[in-house]
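Enquirer: Need coordinates for the following:
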Amino acid sequence: MLDFKDLAPTIHRQRMVVEGYPTFVITDEHIKDYLKKLSDVTDMITIIEPVTHVSDLYGWAGWIHWETSGAHFYSWERPISFFSVDIYTCKAFDPGTVLDFTKEYFRTTEIVAKEF
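Expert: Below you'll find the model as predicted:
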C-alpha cells in the first residue's frame with residue numbers, strides 16, 4: 001500500500017464509512033429521510049435535498065450535498081439486506097453520534113464503522 005501524505009494539512013477533512021444489516025427493506029423514502037436527519041445529527045447545512053436512484057442490478061443509491069461536502073448511501077436487498085454510508089466533510093462531526101443514530105434508524109442486527 002502506498003503511503004498517504006496529507007497534502008492539505010490546514011484543511012479539515014473527516015471521513016467515515018458505516019455499514020450494517022437493516023431489519024427492514026430500505027426504500028427511496030427511507031434513504032431521503034435518513035440523509036435529511038443525518039444532516040441534523042452532524043450539524044451540516046444542506047445545499048441540495050437528497051437525490052436517489054435505483055438500479056435493477058445493484059439496488060438503491062442516494063446522495064446529499066452539504067455546504068461542507070456530503071454523504072452517499074447505498075442499499076442492497078440481494079444477495080443480502082445490507083447498507084453502506086460514506087460521509088466526507090470539511091467540518092468536524094461526532095462519529096459516535098452518527099453510529100448510534102444509524103444503528104437506531106435502521107434497527108440493525110449488526111453495524112460497523114471506520115474513520116479515516
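
Enquirer: which residues touch the residue nearest to residue 110 when sequence neighbours are not counted?
Expert: For residue 110, ignoring the flanking residues on the chain, the nearest one in space by Cβ to Cβ, 6 or more residues apart in numbering is residue 21 at 5.1 Å. For the C-beta atoms, the positions are set from N, CA and C on the backbone; glycine is no exception. Going by Cβ atoms under 8 Å, 6 or more residues apart in numbering, residue 21 touches 80, 81, 82, 108, 109, 110, 111.

Enquirer: how far away is residue 21 from residue 108?
Expert: 6 Å (Cβ to Cβ, to the nearest Å).

Enquirer: And for residue 102?
Expert: The value you get for residue 102 to residue 108, if Cβ to Cβ is used, is 7 Å.

Enquirer: Looking at those two, which is more packed in?
Expert: Set residue 102 next to residue 108 and count neighbours by other Cβ atoms under 10 Å: residue 102 wins out with 24 against 17.

Enquirer: Three-state assignment for the more buried one, please.
Expert: On the three-state scheme (DSSP: H, G, I helix; E, B strand; the rest coil), residue 102 is labelled helix.
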